[in-house]
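In: coords please:
(chains A and B)
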Number of protein chains: 2
Amino acid sequence: MSDFKAPLRDIQYVMWELLGYEQHYQSLPGGEEASPDVVNAVIEEGAKFCENVLAPLNAVGDREGCQWDDGEVKTPTGFKEAYQQYVEAGWPSMCHHVEYGGQGLPQSLGTILSEMVGSANWSWGMYPGLSHGAMNTIEAHGTEEQKAHYLTKLVEGSWTGTMCLTEPHCGTDLGMLRTKAEPNADGSYSITGTKIFISAGEHDMAENIVHIVLARLPDAPAGTKGISLFIVPKVNVNADGGLGDRNQVKCGSLEHKMGIHGNSTCVMNFDGAKGFLIGPPNKGLNCMFTFMNTARVGTALQGLAHAEVGFQKSLEYARDRLQMRSLSGPKNPDGPADPIIVHPDVRRMLLTQKALAEGARMMIYFTAQQVDIVDRAEDEEARKAADELLGFMTPIAKAFVTETGFEAANLGLQCFGGHGYISEWGMEQNVRDARISMLYEGTTGIQALDLLGRKVLMTNGESLKRFTKIVHKFCKANEGNAAVSEFVEPLTAINKEWGDLTMHIGMLAMENPDEVGAASVDFLMYSGYATLGYFWALAAADAQAKLDAGATDAAFYEAKLKTARFYFKRILPRTRGLVETIKAGAGSLMEMDTEHFAF
Amino acid sequence: MSDFKAPLRDIQYVMWELLGYEQHYQSLPGGEEASPDVVNAVIEEGAKFCENVLAPLNAVGDREGCQWDDGEVKTPTGFKEAYQQYVEAGWPSMCHHVEYGGQGLPQSLGTILSEMVGSANWSWGMYPGLSHGAMNTIEAHGTEEQKAHYLTKLVEGSWTGTMCLTEPHCGTDLGMLRTKAEPNADGSYSITGTKIFISAGEHDMAENIVHIVLARLPDAPAGTKGISLFIVPKVNVNADGGLGDRNQVKCGSLEHKMGIHGNSTCVMNFDGAKGFLIGPPNKGLNCMFTFMNTARVGTALQGLAHAEVGFQKSLEYARDRLQMRSLSGPKNPDGPADPIIVHPDVRRMLLTQKALAEGARMMIYFTAQQVDIVDRAEDEEARKAADELLGFMTPIAKAFVTETGFEAANLGLQCFGGHGYISEWGMEQNVRDARISMLYEGTTGIQALDLLGRKVLMTNGESLKRFTKIVHKFCKANEGNAAVSEFVEPLTAINKEWGDLTMHIGMLAMENPDEVGAASVDFLMYSGYATLGYFWALAAADAQAKLDAGATDAAFYEAKLKTARFYFKRILPRTRGLVETIKAGAGSLMEMDTEHFAF
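Out: As a prediction, the model looks like this:
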């Protein structure tokens, strides 16, 4: 079984051909350097690193896991060396601002690199990945001294960062958190409490770890309005920026998990650790929310990564494995049986993975463009519009892409039959690793409430309209195009139905707020299928135009058209059941007495 | 987190109240002894063993796995002792014929015991479970001497058995198998070849293991028509039935798997092992097929088992875990937050598990009644009818219940949020263990072809009609009953649509045989939802009647009604998408060129 190959043709197709990344980059201040030549060279270099260095370590990480010894954590064989190579090549600084040592390339390029890193080895990718939250926090809210001491080290990658939010009794409900921060005489704080599920909380890959910790000041109001943010370094930093003594924060243990074994998931004990307030007191949660969208887009990538890997490996297996004859006559008459790719149901499983992976790529790259605009555009209107679109797309990308990514990973395993269950093929690791993505950074249920409650209903549908207008414009522009009417007609209908459904839920919710929770996940999944419908129709129209213009690599565009057709015929109809369950309302969910669920 | 509790109330409800097991048992020759008192005592005793002995070993089995040492396999701590208790209590012999040492109770009672065993500890249950295939084979096809030597030992449980089918290059496609059987001068055969994925192929729980091996005689025709069955004992059996020398069959290694770690999944090397032909030469596959339905019903139980366990644990967690407030106002105002069971989406996840688990129980117990009739009824017509119904129900039960069981196990995990991913809660083991069920004993795709191709289309829809007539009769009988019209009306519509869809596919398939494969899995899932619709309507009508009659435990029946309502409002609508994808046909699956799936 060959290892991961970065899907460069499709990555570059979505960027340059479908979503107009060239013009997009040129329109960003400081984006002039991100020409296709430069960017393609960066991506191709990144692909080599992912294929040659990271992918071979993926199974090693799963097999060895991380080892805890009295607070120290040893990462799997090769992880540390790979990280050194990564730092030496300058990857950590790629998309950070020049003034803190960054290379100033657009954030979307970081997303594309992260896709390849994550597909090659998700567990490894979490170590540099977690640093981004810390960097973004310090860049937005830190003092110049904090930036000088911590941000530059994080940007160059010699230190990594974490986000310390969850406690044993609270994950979603951060208002309940108990970790306390007591002021010291020198202006620092003494942080005491226990944090759990801290990814990359302790490891041997960098000389220091910068924890961003949520804690309460002594006089803080109860609930979410009394949470402040603190920088707590693993090793204290001297006034000259050099490393001092060890801080009172220690990894108490590692969690035993279903997957992502290569990543250290830590219980972190803060025992009067020295911390520094970052941002205004009691506004910690607001400061955090600034980056929530970015972090969640990062997690959406995990769904894409596992779908891509499952697809690649199961496609290769389906072409090689000989088993049974095609019902429509032998396709490999000289062999003992036909390759299983001849069987319609195997094709259904492969095409589902392909449509979901390539669809997710379009959705996420589009979302990443909004991140770029929010981050860089000079026009405030443009920033505001992109921010609203980003807010709308984020929960869909996070929850829909991880849910369908898990489905795809399972279909990849299924193509292997019983062999899929055996570790050596890597398919079961792909499923186990994928399973976390629907849980962390806000479960699917939390994303769904964010989408339907905060984003859609609280804006009276305005944030939905921002996207449906884009769809409407596309449909109008292609109204008379018979060659793509098989896509545009159903998309037009879905786009209208989406708005009607939203109105329907909104009316019900005015009577009973539980209607929001009752409809939320089905509405999110509906929105995901609708969104993917737009992107597949867009790809189909683009491919048709290229074919009409006599493109040289016609097979690529024909495959896009056929995948779009599969999506519309075989995936989009899932919305039919969702419409019914959304309309069914909250009644059947709420009428069961809590005591009568079981006897 | 409390351990597994056997759902006795629901088990007994389905048997005695819903499916008329009392009358069913009394109508079976030899079933007179299976009175409700006797059977309830047996089930309650079985429940104690499962709760107290097997359930505590479930996590142990996962953690320790099996250890291979030079061909010997050590099972996890406690597995061997639990098996001794199981044998001493006489469980292995419960449903086997009296003449070979059995207790002669109906097979459906074995199914119900297996449900509890499997829910408590699926990996452990596979050791005695695998013996059934060997016992059934020897009973049906063995000589009297073979029965005396092997069957009695298997029935008493002092030996266990296996089925050795799969080889590295063939699983589904057994026509390709290569293991050879060469005649010896003494009438025995010398068996040589490698078998993989042999569950319970080697272990330390019994003094001998009886392998039933598929192999080819020297002059055998190619393909499936040249396969014969052989008994190959681990330890040779002397003429007096005592144990002799070790046979030339050895466990070469254990597979490393995603789950069911407590069960030994063996590579078995037969190196001129002594074997004995069982049944007629070259008819091995036909002999095997006799028991395929029974084995597959056994695997269907795994879906039910993991759904039940996930439901029990996530229900307890949802009642305990405090997180956020209900959107419709605090439900636990004195606590720091509400229990998560107040949130509509958590209820959706719990009720989905409940509806799928209890629905699967009804479906499987109904199917088990057909097994009893096929096994025992004196009336040949009744046997034939039950056999056809069994053949129809089996692939639905096997594939639909394992697919939805995996879904339920994942929803159980999801209710725990991030904690679900951590091993100590047991939810991730439940998901990993469940994943095999859609693969072995024929994948979902194979079941779907069996249902649509062999069972439905090859009988011109007669086997489907056998079931839809039952549904039709129920709907007719309840036509005027306004209290249950919310169930009966949609069921009536589905029942008609089911037949129409079948006709539609049949027409397409006459033009293009690939239409069968293209529709198969969606048709199977549709059939599963339709079947469960019948059982939930049946339960609702029964519960309504009990309530009308003033039943004392009204809460139980009200919960049945509410779960049925949830099923019709929230699960059955999934058929809407399936109707569309079935009708979409094979086109979008088959038009992609094999070389163009990826670039």
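
In: please count neighbours and contacts with C-alpha atoms only from this point.
Out: Will do.

In: which residues of the stretch 51-200 of chain A lie near chain B?
Out: A:C170, A:T172, A:D173, A:M176, A:F197 (CA under 8 Å from any CA of the partner chain).

In: ugh, wrong one, I meant the stretch 251-400 of chain A
Out: Counting by CA under 8 Å from any CA, the stretch 251-400 of chain A sits next to chain B at A:255-259, A:315, A:319, A:323-324, A:326-328, A:336, A:341, A:343-345, A:347-348, A:351, A:354.

In: repeat that for 7 Å
Out: A:255-258, A:323-324, A:327-328, A:343-345, A:347-348 (CA under 7 Å from any CA of the partner chain).

In: show the pLDDT at whatever residue of the stretch 251-400 of chain A ends up closest to chain B.
Out: The minimum distance from the stretch 251-400 of chain A to chain B, using CA to the nearest CA, falls at A:K257 (4.5 Å). For A:K257, the pLDDT comes out at 98.

In: list the buried residues for stretch A:55-67?
Out: A:A55, A:P56, A:L57, A:N58, A:A59, A:V60, A:G61, A:D62, A:G65, A:C66, A:Q67 (16 or more other CA atoms under 10 Å in any protein chain shown).

In: with just CA atoms, put it into PDB.
Out: The C-alpha coordinates for stretch A:55-67 follow below in PDB (Å, rounded to 0.1, in the frame of the first residue of the first chain):
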ATOM      1  CA  ALA A  55       3.400  10.300   6.300                       C
ATOM      2  CA  PRO A  56       5.800   7.500   7.200                       C
ATOM      3  CA  LEU A  57       5.500   8.500  10.900                       C
ATOM      4  CA  ASN A  58       1.700   8.200  11.000                       C
ATOM      5  CA  ALA A  59       1.500   4.600  11.800                       C
ATOM      6  CA  VAL A  60       4.500   4.900  14.100                       C
ATOM      7  CA  GLY A  61       2.700   7.500  16.100                       C
ATOM      8  CA  ASP A  62      -0.400   5.400  16.400                       C
ATOM      9  CA  ARG A  63       1.600   2.300  17.500                       C
ATOM     10  CA  GLU A  64       4.000   3.900  20.000                       C
ATOM     11  CA  GLY A  65       1.800   6.700  21.400                       C
ATOM     12  CA  CYS A  66       3.300   9.200  23.800                       C
ATOM     13  CA  GLN A  67       5.100   8.100  27.000                       C
END
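
In: what comes into contact with that stretch?
Out: A:3-4, A:73-76, A:78, A:120-121, A:260-264 (CA atoms under 7 Å, 6 or more residues apart in numbering or on different chains).

In: would a markdown table of those residues with pLDDT, distance to A:A545 and secondary structure be doable?
Out: Shown next, in a markdown table, are the contacts of stretch A:55-67 (pLDDT from 0 to 100; distance: CA to CA, whole Å; DSSP: H, G, I helix; E, B strand; the rest coil):
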| residue | pLDDT | distance to A:A545 | secondary structure |
| --- | --- | --- | --- |
| A:D3 | 85 | 34 | coil |
| A:F4 | 96 | 31 | coil |
| A:V73 | 98 | 54 | strand |
| A:K74 | 98 | 53 | strand |
| A:T75 | 98 | 50 | coil |
| A:P76 | 98 | 49 | coil |
| A:G78 | 98 | 47 | coil |
| A:A120 | 98 | 33 | helix |
| A:N121 | 98 | 36 | helix |
| A:I260 | 98 | 42 | coil |
| A:H261 | 98 | 46 | coil |
| A:G262 | 98 | 45 | coil |
| A:N263 | 98 | 45 | coil |
| A:S264 | 98 | 48 | coil |
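
In: re the thing from before, of the buried residues of stretch A:55-67, which belong to helices?
Out: A:N58, A:A59, A:V60, A:G61, A:D62 (DSSP state H).

In: any chance of those residues in TSV, with pLDDT too?
Out: Below are those laid out as TSV (pLDDT from 0 to 100):
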residue	pLDDT
A:N58	98
A:A59	98
A:V60	97
A:G61	98
A:D62	98
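
In: and which of those residues is nearest chain B?
Out: For those, the nearest to chain B is A:D62 (11.7 Å; CA to the nearest CA).

In: so how far is the helix or strand of chain A with the lowest mean pLDDT from its chain's centroid?
Out: Taking mean pLDDT, DSSP states H and E as the measure, chain A has helix A:284-320 as its least confident helix or strand, at a mean of 92. Offset of helix A:284-320 from its chain centre (CA atoms, centre = their mean, to the nearest Å): 4 Å.

In: ok so, going back, show me which pair in the buried residues of stretch A:55-67 is furthest apart.
Out: A:A55 and A:Q67 (20.9 Å; CA to CA).

In: related to what we said a few turns ago, out of the residues of the stretch 51-200 of chain A next to chain B, who's the most crowded?
Out: A:F197 (24 neighbours; other CA atoms under 10 Å in any protein chain shown).

In: in the stretch 1-150 of chain A, what residue comes closest to chain B?
Out: Counting by CA to the nearest CA, the stretch 1-150 of chain A gets nearest chain B through A:R9, at 6.7 Å.

In: ok, the stretch 51-200 of chain A next?
Out: For the stretch 51-200 of chain A, CA to the nearest CA, closest residue to chain B: A:D173, 5.5 Å.

In: correct me, but that residue touches B:R325?
Out: No. If you go by CA atoms under 7 Å, A:D173 and B:R325 don't touch, sitting 9.2 Å apart.

In: where do the helices sit along the stretch 401-550 of chain A?
Out: Applying DSSP state H, counting those that start in this stretch to the stretch 401-550 of chain A gives helices spanning A:401-415, A:427-435, A:444-449, A:462-477, A:485-511, A:514-548.

In: helices or strands next to the first one in the packing?
Out: It refers to helix A:401-415. helix A:284-320, helix A:344-376, helix A:427-435 (3 or more CA pairs under 7 Å, 6 or more residues apart in numbering or on different chains; DSSP states H and E).

In: what are the buried residues along the second one?
Out: Yep, that's helix A:344-376 we're talking about. Applying 16+ other CA under 10 Å to helix A:344-376 flags A:344-374, A:376 as buried.

In: re the thing from before, residue contacts, the residue of the stretch 51-200 of chain A closest to chain B?
Out: B:Q323, B:M324.

In: repeat the analysis, applying 10 Å as the threshold.
Out: The contact partners of A:D173, by CA atoms under 10 Å, 6 or more residues apart in numbering or on different chains, come to A:T166, A:E167, A:G223, A:T224, B:L322, B:Q323, B:M324, B:R325, B:A337.

In: got the confidence number for it?
Out: 93.

In: in the residues of the stretch 51-200 of chain A next to chain B, find the pair that's most separated.
Out: A:M176 and A:F197 (16.4 Å).

In: most distant residue from the middle of chain A?
Out: Farthest-out residue of chain A from its mean C-alpha position, per CA atoms, centre = their mean: A:D334, at 45.4 Å.

In: returning to that earlier point: closest to A:T152 among the contacts of A:D173?
Out: Nearest to A:T152 among the contacts of A:D173, with distances taken as CA to CA, is A:T166, at 26.6 Å.

In: quick check: that closest one vs A:P395, distance?
Out: 20 Å (CA to CA, to the nearest Å).

In: so for these two, which residue has more residues nearby?
Out: Shown here are A:T166 and A:P395; by other CA under 10 Å, A:P395 has more neighbours (29 against 21).

In: what kind of secondary structure is A:S228 in?
Out: Under DSSP: H, G, I helix; E, B strand; the rest coil, A:S228 falls in the strand class.

In: and the helices in the stretch 101-250 of chain A?
Out: A:107-141, A:144-146, A:152-156.

In: could those helices go into JSON lines alongside mean neighbour count?
Out: Shown next, in JSON lines, are the helices of the stretch 101-250 of chain A (neighbours: other CA atoms under 10 Å in any protein chain shown):
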{"stretch": "helix A:107-141", "mean neighbour count": "23"}
{"stretch": "helix A:144-146", "mean neighbour count": "14"}
{"stretch": "helix A:152-156", "mean neighbour count": "23"}
